[in-house]
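S.K.: Pasted the sequence and its predicted model underneath.
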Amino acid sequence: MKYLSLIVLSLIVFSGQSLAMKSCYHDEKQLLDDSLVIGAAQFDKYIPSLAHKRVMLFGNHTSMVGNAHLLDLLIAKQVDVVGVFGPEHGFRGHADAGEHVKDNKDSKTGIPIYSLYKGKKGKPSASEMQSFDVLIVDIQDVGLRFYTYYINMIKLMESCADYHKKVIILDRPNPNGYMVDGPILDLKYKSGVGYLPIPIMHGMTLGEIALMAQGEGWLDSKEKVNLTVIPCLHYRREARYSLPIAPSPNLRTDLSIALYPSLCYFEATPVSVGRGTVHPFECFGHPSFKTMTYQFTPKRMPGAKYPPQLGNVCYGRLLIGESIDSIRARGIDLSYLIEAYREIPDKRHFFTSFFEKLMGVGYVRKMIIDGCSVQEIKKQWAPDIKRFRQQRRPYLLYPE
């Protein structure tokens with residue numbers, strides 16, 4: 001491939017980063033150890049190529065190398081950073097899901113921040129694209145088709161292809177990289193929460209997704225991207241990776257990230273997943289679930305300005321006692337959703353059209369309404385998983 005280069009990393013130990021998330025893992029031997037080297041830490045592999053170039057960074061508050069932000073490190077290394085593209089939740093990670101974020105300037109460096117969430121369909125303007133030569137991508141994803149950071153990256157790649165800009169992706173581990181599960185997106189449901197024909201749990205890093213999108217011809221551009229991926233060193237796909245920093249306001253713990261593939265579908269129902277409480281994505285509930293014992297009342301708070309069921313007492317289940325090992329083993333677990341559907345009195349208004357955008361196919365809603373079991377539903381998408389595993393194999397940077 002003319003423009004595709006994969007760079008072998010040198011050993012630079014990534015350590016010393018302060019932990020902003022609560023770890024729920026009990027067997028620390030299963031965690032990725034200090035030999036892990038993220039792409040951003042491999043300065044000698046990408047800094048030389050930035051000399052005399054205008055550089056744009058796609059990142060946010062997770063773009064850390066040790067205790068320093070990559071933006072600060074690039075500036076300290078005399079890189080000409082001309083701006084930052086900010087994703088959903090903003091550059092500092094405080095905005096609500098889907099909230100429009102205005103352009104502004106970084107308070108520390110004065111570097112312009114161009115929001116990808118200001119109503120422009122997630123793509124930069126012509127003037128923004130003409131302002132730089134190289135795009136650096138360094139952001140922590142959670143490895144799910146409906147998590148929007150990979151979509152931002154793909155749209156930026158499409159723009160960079162159109163404007164002949166180089167893209168360098170500094171890879172990071174996928175905390176949900178241990179499994180492939182869920183249906184492949186039916187492209188008639190393509191949206192801002194589902195952009196590529198991949199399963200919900202695709203098991204890939206951003207670098208791998210970028211390679212696959214380019215190799216499979218999924219980019220909405222007639223041109224190829226001048227793409228370089230800096231892989232992680234000593235990353236094991238099956239190992240537990242405890243994120244040092246919460247990637248978004250309501251994914252605050254290892255448990256919430258592990259449960260997210262199973263609970264996110266409640267966002268397309270009247271059921272609360274704990275936004276506006278101390279346990280977002282660690283519980284679910286509704287005012288009508290009065291046979292359940294756990295109670296919570298969503299309130300306004302940073303990252304949850306207008307949470308579902310605001311001010312209403314909800315009854316439901318708190319899931320903090322669940323073993324992460326068992327959660328990982330189940331992959332996508334629709335039992336919570338099925339339980340809630342059976343419990344709610346008004347079944348006619350349980351699902352919204354957003355459900356198909358999150359799930360990516362039309363048959364799951366019907367199967368739940370018809371009383372199908374979790375096993376029956378997962379059997380329906382099993383061929384998707386088998387096909388995708390084979391399809392993605394040429395693009396994997398790390399052993400399966």
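M.R.: Ah, there it is.

S.K.: tally of neighbours for residue 286?
M.R.: 24 (other CB atoms under 10 Å). C-betas here are computed from N, CA, C, even on glycine.

S.K.: how close does it sit to residue 272?
M.R.: Remark: distance between residue 286 and residue 272 (CB to CB, to the nearest Å) = 7 Å.

S.K.: Ok, residue 59 next?
M.R.: Noted for residue 59: a distance of 31 Å to residue 272, by CB to CB.

S.K.: More neighbours: which of the two?
M.R.: Neighbours were counted for residue 59 and for residue 272 using other CB under 10 Å; residue 272 has more, 26 against 23.

S.K.: surely that one meets residue 295?
M.R.: No - contact between residue 272 and residue 295 fails when scored by CB atoms under 8 Å: they sit 11.5 Å apart.

S.K.: Any regions of the stretch 101-250 of the chain where pLDDT drops low?
M.R.: 101-103, 118-121 (pLDDT under 70).

S.K.: Run through the helices of it in chain order.
M.R.: With helices called from DSSP state H, counting those that start in this stretch, the stretch 101-250 of the chain shows them at 126-129, 149-163, 206-215.

S.K.: how deep is residue 145 tucked in, by neighbour count?
M.R.: Neighbourhood size, residue 145 [other CB under 10 Å]: 25.

S.K.: Domain ranges for the protein, per the record?
M.R.: Following automatic domain parsing, one gets these domains for the chain: 4-19+35-242, 254-369.

S.K.: Of all the ones you listed, which one comes closest to residue 393?
M.R.: Judged by CB to CB, the one of those that comes nearest to residue 393 is domain 4-19+35-242, at 9.9 Å.

S.K.: centre of the chain versus the closest one, how much separation?
M.R.: Chain-centre distance of domain 4-19+35-242: 10 Å, with CA atoms, centre = their mean, to the nearest Å.

S.K.: do the same with stretch 317-334
M.R.: Worked out by CA atoms, centre = their mean, stretch 317-334 lies 19 Å from the chain centre.

S.K.: Can you list the buried residues in it?
M.R.: Under the neighbour-count criterion of 16 or more other CB atoms under 10 Å, stretch 317-334 has 317, 318, 319, 322, 324, 327, 330, 331, 332, 333, 334 buried.

S.K.: Also stretch 41-55?
M.R.: 41, 42, 45, 46, 50, 54, 55.

S.K.: Isn't residue 82 up against residue 53?
M.R.: No - contact criterion CB under 8 Å: residue 82 and residue 53 do not qualify, at 9.6 Å.

S.K.: ok so, going back, who touches both of residue 286 and residue 272?
M.R.: In terms of CB atoms under 8 Å, 6 or more residues apart in numbering, residue 286 and residue 272 are both contacted by the residues 309, 314, 316.

S.K.: Residue 87 is in contact with residue 149, correct?
M.R.: Yes - counting by CB under 8 Å, residue 87 is a contact partner of residue 149 at 5.4 Å.

S.K.: more neighbours, these two?
M.R.: Of the pair residue 149 and residue 87, residue 87 is the one with more neighbours under other CB under 10 Å, namely 28 against 24.

S.K.: I figured the more buried one hits residue 148, correct?
M.R.: Yes - at 6.7 Å, residue 87 and residue 148 qualify as touching, with contact defined as CB under 8 Å.

S.K.: re the thing from before, relative to residue 384, which of the buried residues of stretch 317-334 is nearest.
M.R.: Among these, and counting by CB to CB, the member closest to residue 384 is residue 332, at 11.9 Å.

S.K.: Straight-line length of stretch 298-305, end to end?
M.R.: 10 Å (CA to CA, to the nearest Å).

S.K.: what mean pLDDT would you report for stretch 84-99?
M.R.: For stretch 84-99, mean pLDDT rounds to 59.

S.K.: ok, residue 313 - how many residues close by?
M.R.: Neighbours of residue 313 under the rule other CB under 10 Å: 12.
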